[in-house]
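Colleague: no sequence for this one, just the structure:
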Ligand code: FES
């Protein structure tokens, strides 16, 4: 039911953990199932230099979170904001339709972290 890539990212998730002194933190909950995720970002010159996550969710949530961290590092904030849940699912070789809602956590979490970063920057100015 899951692609090899999903199983790989589920079994060996990349970039798990917390970034100390993160520039932005996103915390989102999935209204469909109640699962949660935190995502932490480091930003330099408008580029994401580090992205880490902690997901309290199912296997598909772990796999999509892991994949989005790999996709986001090295991108500008604008490019990262353009990553959709479908992009993540595609990169993983597809997700079962009933698990598509799980990929919202990763995409929404990354957006929330970027928003948090931008809010903090505005406060500093
Ligand atoms: Fe909750 Fe997948 S079932 S994120």
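Modeller: Received, thanks. Predicted, not measured: the structure shown is a model, and the values here were computed from it.

Colleague: The most centrally placed residue in the chain and the ligand: what is the separation?
Modeller: Per Cα atoms, centre = their mean, the C-alpha nearest to the average position across the chain is that of residue 106, at 3.5 Å. Separation of residue 106 from the ligand (Cβ to the nearest ligand atom, to the nearest Å): 9 Å. C-betas here are computed from N, CA, C, even on glycine.

Colleague: Once you drop chain neighbours, what's closest to residue 93?
Modeller: Excluding its sequence neighbours, the residue lying closest to residue 93 (Cβ to Cβ, 6 or more residues apart in numbering) is residue 3, at 3.4 Å.

Colleague: quick one, what contacts that neighbour?
Modeller: Contacts for residue 3 (Cβ atoms under 8 Å, 6 or more residues apart in numbering) come out as 92-94.

Colleague: cool, and residue 118?
Modeller: Residue 118 touches 24, 77, counting by Cβ under 8 Å, 6+ apart.

Colleague: ok, and for the helix or strand harbouring it, which residues are buried?
Modeller: If you go by DSSP states H and E, residue 118 is part of helix 103-124. Using 16 or more other Cβ atoms under 10 Å as the test for burial, helix 103-124 gives 103-114, 116-117.

Colleague: which among those residues gets closest to residue 42?
Modeller: Minimum distance to residue 42 across these is 9.3 Å, recorded for residue 117 (Cβ to Cβ).

Colleague: how near is that closest one to residue 20?
Modeller: Residue 117 sits 15 Å away from residue 20, taking Cβ to Cβ, to the nearest Å as the criterion.
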